[in-house]
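1. Sequence and predicted structure, then a few things I'm wondering about:
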Amino acid sequence: DSNGANFPWHQDHAFFRMQYLLKKQPVKRLLAAWMPFVPVDATNGGVQLAPGSHGLGFLRHQRGGAFLAAQLPDDAACITSKVVPQLLPGDVLLFTDLTLHCS
């Protein structure tokens, strides 16, 4: 709904990468899990995913308001083919830390 959060296209990897660099540790890959507490779809803030976007590798991010936003390449056609899974409470959405997503 319009009162919900609005997060720009991003990769979760951007939020954890700096922690590893500051600790002088090798960067690790992650698996993200997202679970709604209410039914979600494209009309009420469901997570939008860009299929195949993990193949772009790590993208640079910049501040987009209070959040980090991916700097998308000009040929990021995967954004136009976005999908929004319909999920029920208790469903779990899994995706890699390099998958572009927004909500």
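-> That came through fine.
2. Could you check which helix or strand contains the residue of the chain most remote from its centre?
-> Distance from the centre of the chain peaks at residue 24, with 24.9 Å (Cα atoms, centre = their mean). Residue 24 is part of no helix or strand, with elements assigned from DSSP states H and E.
3. give me the number of residues near the residue nearest to residue 82 when sequence neighbours are not counted?
-> Residue nearest to residue 82 in three dimensions, not counting chain neighbours: residue 48, with 4.7 Å by Cβ to Cβ, 6 or more residues apart in numbering. Backbone N, C-alpha and C define where each C-beta goes, glycine included. Residue 48 has 17 neighbours, counted by other Cβ atoms under 10 Å.
4. Which helix or strand in this structure has the lowest average pLDDT?
-> Using mean pLDDT, DSSP states H and E, the weakest-scoring helix or strand in the chain turns out to be helix 13-22, at a mean of 76.
5. Mind exporting the C-alpha coordinates of that helix to PDB?
-> What follows is helix 13-22, C-alpha atoms only, in PDB (Å, rounded to 0.1, in the frame of the first residue of the first chain):
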ATOM      1  CA  HIS A  13      25.500  -7.900  -1.100                       C
ATOM      2  CA  ALA A  14      26.100  -4.200  -0.900                       C
ATOM      3  CA  PHE A  15      25.100  -4.000   2.700                       C
ATOM      4  CA  PHE A  16      27.500  -6.800   3.900                       C
ATOM      5  CA  ARG A  17      30.500  -6.300   1.600                       C
ATOM      6  CA  MET A  18      31.900  -3.400   3.500                       C
ATOM      7  CA  GLN A  19      31.800  -5.400   6.800                       C
ATOM      8  CA  TYR A  20      34.100  -7.900   5.300                       C
ATOM      9  CA  LEU A  21      36.400  -5.300   3.800                       C
ATOM     10  CA  LEU A  22      36.700  -3.500   7.100                       C
END
